[in-house]
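Can you look at this prediction? I've put the sequence above it.
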Amino acid sequence: MRSYLEKFSLKGKIAFVSGGAGLIGSEVSRALADAGARVVILDIDRVKAEEVKERIRDAGFNSEYECFDIADTENIEKTVNALFEKYKGADIWVNAAYPKTEDWRASLEEVNVDSWRKNIDMHLNGYYFSAQKIAERMKNQNAGSIINFASIYGIVGPDF
């Protein structure tokens, strides 16, 4: 009898995880690697990303690290294209990054319009443009999955 988990195997698949060194992204990276994918951790924090990469490798799974700034919308297309070429495709793209300004923990009364707009721009536009560009590449290969993570804080205000 065949195992149901075999049907969910990602063996031979390449998975990119933006924010792959973060709290959620690191667990997503580990889970995808555990399912057999070659995971590429995309993050701006090299130190944390290398730690996540090594933990995944120490567990016997395949992982890589590439510097990727999801908030740098001017360079997303160039970066996505370079990643696609280097890794010979993309089967899975996960947006789990959480770009934010230095004052993101400010109280409601202290948040100014410019900071609010910058945070929305970095997060929403980063997800959109990276998904748009990878979707164009996946369309050409006739396959691929894009997963965008959201937060409970879209519904419930954070208690800093």
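Done, it's in.

Lys86: how many residues sit nearby?
By the criterion of other C-beta atoms under 10 Å, Lys86 has 10 neighbours. All C-beta spots, glycine's among them, are computed from the backbone N, C-alpha and C.

next one: Val113
Neighbour tally, Val113, other C-beta under 10 Å: 7.

So in terms of bridging, what pairs with Val40?
Beta-bridge pairing for Val40 (DSSP bridges): Phe16, Glu64.

Before we move on, what's the pLDDT of it?
At Val40, the model reports a pLDDT of 98.

my read: it touches Ile14, true?
Yes - Val40 lies in contact with Ile14 (C-beta atoms under 8 Å); the separation is 6.9 Å.

what sits in contact with each of these two?
With contacts taken as C-beta atoms under 8 Å, 6 or more residues apart in numbering, Val40 and Ile14 have Tyr87 as neighbours in common.

Of these two, give the one with the bigger neighbour count.
Shown here are Val40 and Ile14; by other C-beta under 10 Å, Val40 has more neighbours (26 against 22).
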